[in-house]
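Enquirer: no FASTA, just this:
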């Protein structure tokens, strides 16, 4: 049994940078045929963070993630954390009116969107005047009003690391079943406190500071219990979303499948091939 959750001072971006520096060649992300080490994860997110910084996005701002499961979802989240902004989940099933409401309500200044959603956003982007940067993931053609995700990474230098706080936010929009979706604001310190349950379950003491993180993840690795989470549900939902944050905080990896529907054969093949633990 775990004790009561107590908010910590941890910032997720700063904790993940510690992990990337310490075990850069370990697996952090995997989707389909693409694997990213912790070094890859950190450097690609840093380049995205450089792009966000270039358009003036920083502490107190928000970005929106209208993305399906994949490595890009977590890289965009990490990049947003790096500049002390808050990422907001966007349900990819939303139609134009719902998307317009959520983007305006969140005051998102950058929107990461899947190519399959480009037409929907094109219909409403004239009403989304607060968005400074549109980033398309995937697709053969990028609309003139957006920039391609990989091009953005290639064209920007990594952002410098900065001091951050445990009260920086991760925002989880509800489904809106009782009215309009509502953004629930989660401080990083609270998410780290939830992650403590992972450490308790592994029998490893929770790190007391950023400096203790390397030794803590070494202890997890020595026990052979480094988590590999298969996000079988959407990362834009709290179930997989919070689970992914916790797995990464423990120095683990998050795995997703390319299919945009439940393919049980693909799911169990991924479990077997990638040795998923949860």
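Expert: That came through, no problem. It should be emphasised that the depicted structure is a prediction, and the values quoted were computed from it without experimental measurement.
Enquirer: who does the longest helix along the chain touch, helix- and strand-wise?
Expert: Secondary structure assigned by DSSP state H gives helix 38-54 as the longest helix of the chain. Here helix 38-54 touches helix 12-22, strand 27-31, helix 71-82, strand 133-137, helix 149-154, going by 3 or more CB pairs under 8 Å, 6 or more residues apart in numbering; DSSP states H and E. For glycine as for every other residue, the C-beta is placed from the backbone atoms N, C-alpha and C.
Enquirer: Most tightly packed of these?
Expert: helix 71-82 (a mean of 27; mean count of other CB atoms under 10 Å).
Enquirer: In the sheet, which strands lie alongside the longest strand seen in the chain, parallel or antiparallel?
Expert: Using DSSP state E, we find that the single longest strand of the chain is strand 108-114. Each strand paired with strand 108-114, and its direction, by DSSP bridges: strand 62-66 (parallel), strand 133-137 (parallel).
Enquirer: Heading C-terminal from that strand, find the next helix or strand.
Expert: Using DSSP states H and E, the helix or strand that follows strand 108-114 in sequence is helix 118-124.
Enquirer: packing partners for that following helix?
Expert: So helix 118-124, by 3+ CB pairs under 8 Å, 6+ apart, packs with helix 96-106.
Enquirer: And the contacts of the helix it packs on?
Expert: 62, 64, 66, 88, 90-91, 94, 111, 117, 120-121, 123-124, 127-128, 130-131, 171, 173, 176, 180-181, 183 (CB atoms under 8 Å, 6 or more residues apart in numbering).
Enquirer: And it, how far out from the chain middle?
Expert: Distance, stretch centre to chain centre, for helix 96-106: 20 Å (CA atoms, centre = their mean, to the nearest Å).
Enquirer: Now do the buried residues in it.
Expert: 98, 99, 100, 102, 103, 106 (16 or more other CB atoms under 10 Å).
Enquirer: Got a quick ChimeraX command for the buried subset of the contacts of helix 96-106?
Expert: To isolate the buried members of those in ChimeraX, using 16+ other CB under 10 Å:
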select :62,64,66,88,90,91,94,111,117,120,121,124,128,131,171,173,181,183
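Enquirer: number of nearby residues for residue 208?
Expert: Residue 208: 12 surrounding residues under other CB atoms under 10 Å.
Enquirer: follow-up on the earlier one: determine which of the helices and strands packed on helix 38-54 approaches residue 47 most closely.
Expert: helix 149-154 (4.6 Å; CB to CB).
Enquirer: Give the rounded mean pLDDT of that closest one.
Expert: Confidence over helix 149-154, taken as the mean pLDDT, stands at 98.
Enquirer: Would you mind putting the buried residues of helix 96-106 into CSV with distance to residue 277 alongside?
Expert: Shown next, in CSV, are the buried residues of helix 96-106 (distance: CB to CB, whole Å):
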residue, distance to residue 277
98, 35
99, 35
100, 40
102, 33
103, 36
106, 33
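Enquirer: okay, the strands paired with strand 108-114 in JSON lines with mean pLDDT and distance to residue 206 next?
Expert: As requested, the strands paired with strand 108-114 are exported to JSON lines (pLDDT from 0 to 100; distance: least, CB to CB, whole Å):
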{"stretch": "strand 62-66", "mean pLDDT": "98", "distance to residue 206": "28"}
{"stretch": "strand 133-137", "mean pLDDT": "98", "distance to residue 206": "34"}
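Enquirer: In JSON lines, list those strands along with distance to residue 242.
Expert: Below are the strands paired with strand 108-114 laid out as JSON lines (distance: least, CB to CB, whole Å):
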{"stretch": "strand 62-66", "distance to residue 242": "14"}
{"stretch": "strand 133-137", "distance to residue 242": "22"}
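Enquirer: Look at residue 59 and give its secondary structure.
Expert: With DSSP: H, G, I helix; E, B strand; the rest coil as the basis, residue 59 sits in coil.
Enquirer: any idea how far residue 96 is from residue 42?
Expert: Per CB to CB, to the nearest Å, residue 42 is found 36 Å from residue 96.
Enquirer: Sorry, slip of the keys, the one I care about is residue 162.
Expert: 36 Å.
Enquirer: likewise residue 210?
Expert: From residue 210 to residue 96 the distance is 43 Å (CB to CB).
Enquirer: Residue 212 too?
Expert: Going from residue 212 to residue 96 by CB to CB gives 48 Å.
Enquirer: And for residue 148?
Expert: 23 Å.
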